[in-house]
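>>> quick one, fold the following:
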Amino acid sequence: MPLECPRCAFGAVSLLATSPVPGVWDVLQCDRCLYAWRTTEPARRTRRDAYPDLFKLTPADIDNAIEVPAIPPLRTGAAR
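Numbers count the residues shown, from 1 in each chain. Next up, the predicted model:
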(Lines give C-alpha, C1' and ligand atoms only; values in the text may rest on other atoms or scores of the structure.)
Protein backbone atom coordinates (compact mmCIF):
# COMPACT_ATOMS: atom_id res chain seq x y z
CA MET A 1 0.00 0.00 0.00
CA PRO A 2 1.39 3.48 -0.85
CA LEU A 3 2.69 5.68 1.92
CA GLU A 4 0.93 8.83 0.73
CA CYS A 5 -1.99 10.06 -1.31
CA PRO A 6 -1.09 10.91 -4.92
CA ARG A 7 -3.32 14.01 -4.84
CA CYS A 8 -2.65 15.62 -1.43
CA ALA A 9 0.40 13.73 -0.05
CA PHE A 10 -1.45 12.76 3.15
CA GLY A 11 0.11 9.77 4.85
CA ALA A 12 -3.05 7.81 5.71
CA VAL A 13 -4.59 5.68 2.96
CA SER A 14 -7.37 3.15 3.53
CA LEU A 15 -8.24 -0.02 1.64
CA LEU A 16 -11.80 0.26 0.26
CA ALA A 17 -12.08 -2.93 -1.79
CA THR A 18 -10.12 -5.81 -3.23
CA SER A 19 -10.62 -7.71 -6.46
CA PRO A 20 -12.62 -10.93 -6.40
CA VAL A 21 -9.50 -12.62 -7.72
CA PRO A 22 -6.93 -12.28 -4.93
CA GLY A 23 -3.96 -10.03 -5.64
CA VAL A 24 -5.23 -8.52 -8.91
CA TRP A 25 -6.17 -5.01 -7.69
CA ASP A 26 -7.16 -2.98 -4.65
CA VAL A 27 -9.16 0.24 -4.39
CA LEU A 28 -7.51 2.73 -2.04
CA GLN A 29 -8.76 6.03 -0.62
CA CYS A 30 -7.04 8.97 1.02
CA ASP A 31 -8.27 9.64 4.55
CA ARG A 32 -7.96 13.43 4.10
CA CYS A 33 -9.05 14.43 0.57
CA LEU A 34 -11.05 11.24 -0.18
CA TYR A 35 -9.32 10.68 -3.54
CA ALA A 36 -9.79 7.03 -4.52
CA TRP A 37 -7.89 4.94 -7.07
CA ARG A 38 -7.38 1.37 -8.18
CA THR A 39 -3.85 0.03 -7.84
CA THR A 40 -3.82 -1.03 -11.50
CA GLU A 41 -4.23 2.57 -12.75
CA PRO A 42 -1.25 4.30 -14.39
CA ALA A 43 1.41 6.13 -12.36
CA ARG A 44 -0.17 9.53 -13.12
CA ARG A 45 -3.09 8.40 -10.93
CA THR A 46 -1.28 6.35 -8.29
CA ARG A 47 2.07 8.05 -7.54
CA ARG A 48 2.54 11.56 -6.12
CA ASP A 49 5.65 12.25 -8.23
CA ALA A 50 3.74 11.44 -11.44
CA TYR A 51 0.39 13.00 -10.46
CA PRO A 52 -0.36 16.15 -12.56
CA ASP A 53 0.69 19.31 -10.71
CA LEU A 54 -2.48 21.08 -11.83
CA PHE A 55 -4.58 18.65 -9.76
CA LYS A 56 -2.41 18.32 -6.65
CA LEU A 57 -3.93 19.67 -3.44
CA THR A 58 -2.36 21.28 -0.39
CA PRO A 59 -3.86 21.27 3.12
CA ALA A 60 -4.86 24.92 2.51
CA ASP A 61 -6.67 23.95 -0.71
CA ILE A 62 -8.70 21.39 1.21
CA ASP A 63 -9.41 23.68 4.18
CA ASN A 64 -10.59 26.49 1.88
CA ALA A 65 -12.60 24.38 -0.56
CA ILE A 66 -16.18 25.40 -1.11
CA GLU A 67 -18.83 23.04 0.17
CA VAL A 68 -20.21 20.54 -2.31
CA PRO A 69 -23.95 21.15 -2.69
CA ALA A 70 -26.31 18.56 -1.28
CA ILE A 71 -28.29 16.36 -3.66
CA PRO A 72 -31.89 17.60 -3.70
CA PRO A 73 -34.62 15.20 -2.60
CA LEU A 74 -36.25 13.01 -5.23
CA ARG A 75 -39.45 14.28 -6.75
CA THR A 76 -42.56 12.37 -5.86
CA GLY A 77 -45.27 11.54 -8.35
CA ALA A 78 -45.07 11.46 -12.12
CA ALA A 79 -43.39 14.57 -13.46
CA ARG A 80 -43.38 14.70 -17.24
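>>> report the buried residues of the helix or strand hosting Ala17.
Using DSSP states H and E, Ala17 sits in strand 13-18. Burial within strand 13-18, assessed by neighbour count using 16 or more other CB atoms under 10 Å, is assigned to Val13. The C-beta positions use only the backbone N, C-alpha and C, and glycine is treated the same way.
>>> so where's the chain uncertain?
1-2, 78-80 (pLDDT under 70).
>>> please enumerate the strands of it.
13-18, 26-30, 36-38 (DSSP state E).
>>> which outside residues touch the strand holding Ala17?
With contact meaning CB atoms under 8 Å, 6 or more residues apart in numbering, strand 13-18 is reached by 1-5, 25-31, 36.
>>> tell me the strands beside that strand, with direction?
According to DSSP bridges, strand 13-18 forms sheet pairs with strand 26-30 (antiparallel).
>>> mind listing what's buried along the strand it pairs with?
So for strand 26-30, counting by 16+ other CB under 10 Å, buried means Val27, Leu28, Gln29, Cys30.
>>> need the contact list for the first one.
Looking back up the chat, that one is Val27. So Val27 contacts Leu15, Leu16, Ala17, Thr18, Ala36, Trp37, Arg38, Thr39 (CB under 8 Å, 6+ apart).
>>> recalculate using a threshold of 7 Å.
Leu16, Ala17, Ala36, Arg38 (CB atoms under 7 Å, 6 or more residues apart in numbering).
>>> same check, this time on Arg47
Pro6.
>>> for Pro20, see how far away it is.
25 Å (CB to CB, to the nearest Å).
>>> repeat that for Arg45.
22 Å.
>>> tally of neighbours for Asn64?
Asn64: 8 surrounding residues under other CB atoms under 10 Å.
>>> that one and Leu57, how far apart?
When Asn64 is compared with Leu57 (using CB to CB), they lie 10 Å apart.
>>> next one: Tyr51
Counting by CB to CB - Tyr51 and Leu57 are separated by 10 Å.
>>> before we move on, what about Leu3?
Leu3 is 17 Å from Leu57, by CB to CB.
>>> kindly report the same for Val21.
33 Å.
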